[in-house]
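> Fold the following for me, if possible:
(4 chains)
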There are 2 protein chains.
Amino acid sequence: MSTAAKTAVNPAKPAGKRIRRTAEEARRLILDAAEKRLAQQGPEGLRLQDIARDIGISHPAILHHFESREGLVRALIARANTQLRDTMLTALGGGHTNADASDHIGHVFEALSDRGTARLLSWLLLTGRATENSTTHNIMGEIVDALQLRRAEYAQKTGKPTPDKEDTLFMAMLTANAAFGEAIVGRQLAEAVGLDQDGIKRFRNWFAKLLNEHWDGVK
Amino acid sequence: MSTAAKTAVNPAKPAGKRIRRTAEEARRLILDAAEKRLAQQGPEGLRLQDIARDIGISHPAILHHFESREGLVRALIARANTQLRDTMLTALGGGHTNADASDHIGHVFEALSDRGTARLLSWLLLTGRATENSTTHNIMGEIVDALQLRRAEYAQKTGKPTPDKEDTLFMAMLTANAAFGEAIVGRQLAEAVGLDQDGIKRFRNWFAKLLNEHWDGVK
DNA sequence: CCAAGTACTGACATTGTTGTCAATATAATT
DNA sequence: AATTATATTGACAACAATGTCAGTACTTGG
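Numbering: from 1, shown residues only, chains lettered A, B, ... in the order given. Model (predicted):
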């Protein structure tokens, strides 16, 4: 009986200007927006509709580029990982041939805690999603190796014995832990004890110095 | 009109044994289950139906005890905070009159990273829910004060000058950051570099020793 | 043993979010 | 200019999660 007249949609289609990006551009835009929301509002702020609204597109567009929400998350993980590795390696590698290692560790520290990278990765780890990802594996290994190399050079130059590799590993681990911790509780903690931005800077310097002392003075 | 015959529900009510707890017991049970799920599966694992299923009740029961999901979360925050403070203060206060401060810091470290407390708090911080809570405020302040006191005593006993309070603050901050970091990335990092449980223990000892050296050797 | 209070449940309402689909607009190519 | 490819959209479908409600069963106090 009343089966018909259901296909009629909207007779008036005024037609609008539509921004059309390249797939790559669109993906980048979406990932940026997603990352921002994640860093600002935490895990529960990752809703397709919100992200879409943030950049003025419709949410199916996101689905078009990433298949599913899960796909978006995966892409987010992948990008965060490569970004992290790049930042880390340049922080360790480029130019600073003469600087000591605690300086390098400081760079690693900043690479981790700056931007939302650490927060993002923290969430991924909290949700248990980054388990299968082996990138962390390689990163940590590379860093420790690089550090150990520098320490060996430094030790030879100053005539001291080459430090134990586990000691280097622990320095790197402490740095990573502290950096992640700062990314999460840093702001809270800082304002809890009345530290301003400059105080945080002093803290980082203090930490670098602590590592330096240890670097020089290890048995 | 077919308005009637809609009130008829289930004619057969076999009646079943029903477990009835005291309100307090029920609340504790629910909070435990919620905490467990949060620690295991992260933020997205906090669904009323799941929690209810875990302990064999219906999800409206949870709502009955906590008003709303938000109420449950609040209760979770409150309990985590008091638990944390209690653990911290006993770790700092009781009995260890002669132990040095890095030992105390070790206790704080473990109090934070043991159980799921740090993970739980991390999630709360990541979602920005613990902002208004002033407990962190007091905790951190108390700890730093207590530490500073011990350092002053220690300094006087060994004839050294009383160390700067900011130095103590930074030691506490580093410890907190590292503990939180370890709670989140610790396991990942450890297995990434091939550290077993014993290795993690060695790392903690190493860290305590590092703080000890600094404690003694500060200018 | 009766009554009152309340922990608890099943069914339903409501809302919000992901995902699907056909249609449309825009850029690139011929 | 016409054709092809695809980025984009609005409307709808499907589902999941919180919340509501009337009614049920257990405990306690008289």
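> For the closest residue to A:Ala111 other than its chain neighbours, pull up the helix or strand it's in.
Once flanking residues are discounted, A:Ala111 sits nearest to A:Thr87: 4.1 Å by C-beta to C-beta, 6 or more residues apart in numbering or on different chains. (Glycine included, C-beta is placed from N, CA and C.) If you go by DSSP states H and E, A:Thr87 is part of helix A:69-93.
> how about that helix, does it reach DNA strand C?
Yes. Under the criterion of C-beta under 7 Å from any atom of the strand, DNA strand C is reached by helix A:69-93 at A:Arg69, A:Glu70.
> quick revisit: how far away is the residue nearest to A:Ala111 from A:His107?
Distance from A:Thr87 to A:His107, counting by C-beta to C-beta, to the nearest Å: 9 Å.
> now swap in A:Thr158 and tell me
The value you get for A:Thr158 to A:His107, if C-beta to C-beta is used, is 22 Å.
> More neighbours: which of those two?
Set A:Thr158 next to A:His107 and count neighbours by other C-beta atoms under 10 Å in any protein chain shown: A:His107 wins out with 19 against 8.
> what about the more buried one, is that helix, strand or coil?
helix (DSSP: H, G, I helix; E, B strand; the rest coil).
> The closest residue to A:Gln41 other than its chain neighbours: how many residues sit nearby?
In space, and not counting its chain neighbours, A:Gln41 is closest to B:Gly128: 6.8 Å by C-beta to C-beta, 6+ apart. Burial of B:Gly128 is recorded as 14 neighbouring residues (other C-beta under 10 Å).
> From B:Gly45, how far off is B:Gly128?
For B:Gly128 relative to B:Gly45 (C-beta to C-beta), the value is 19 Å.
> what stretches of chain A score poorly on pLDDT?
Judged by pLDDT under 70, chain A has its weakly predicted residues at A:1-16, A:93-102, A:114-115, A:130-138, A:218-219.
> can you list the residues of chain A near DNA strand C?
Residues of chain A lying near DNA strand C (C-beta under 7 Å from any atom of the strand): A:13, A:15-18, A:20, A:46-49, A:59-60, A:63, A:68-70.
> For PyMOL, write the select line for the buried members of those.
Buried residues among the residues of chain A next to DNA strand C (16 or more other C-beta atoms under 10 Å in any protein chain shown), as a PyMOL selection:
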select buried, chain A and resi 46+48+69
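> can you tell me which of the residues of chain A next to DNA strand C are up against DNA strand D?
Restricting those to those within reach of DNA strand D (C-beta under 7 Å from any atom of the strand) leaves A:Arg18, A:Arg20, A:Pro60.
> Can you give me the separation between the last one and B:Gln148?
So the one you mean is A:Pro60. For A:Pro60 relative to B:Gln148 (C-beta to C-beta), the value is 58 Å.
> Return the residues in contact with the residue most central in space within chain A.
With distances taken as C-alpha atoms, centre = their mean, the residue of chain A nearest its centroid is A:Thr117 (2.0 Å). A:Thr117 makes contacts with A:Ala80, A:Gln83, A:Leu84, A:Thr87, A:Ala111, A:Ala183, as judged by C-beta atoms under 8 Å, 6 or more residues apart in numbering or on different chains.
> As CSV, those residues with neighbour count would be great.
Listed next are the contacts of A:Thr117 as CSV, based on neighbours: other C-beta atoms under 10 Å in any protein chain shown:
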residue, neighbour count
A:Ala80, 24
A:Gln83, 15
A:Leu84, 20
A:Thr87, 18
A:Ala111, 22
A:Ala183, 27
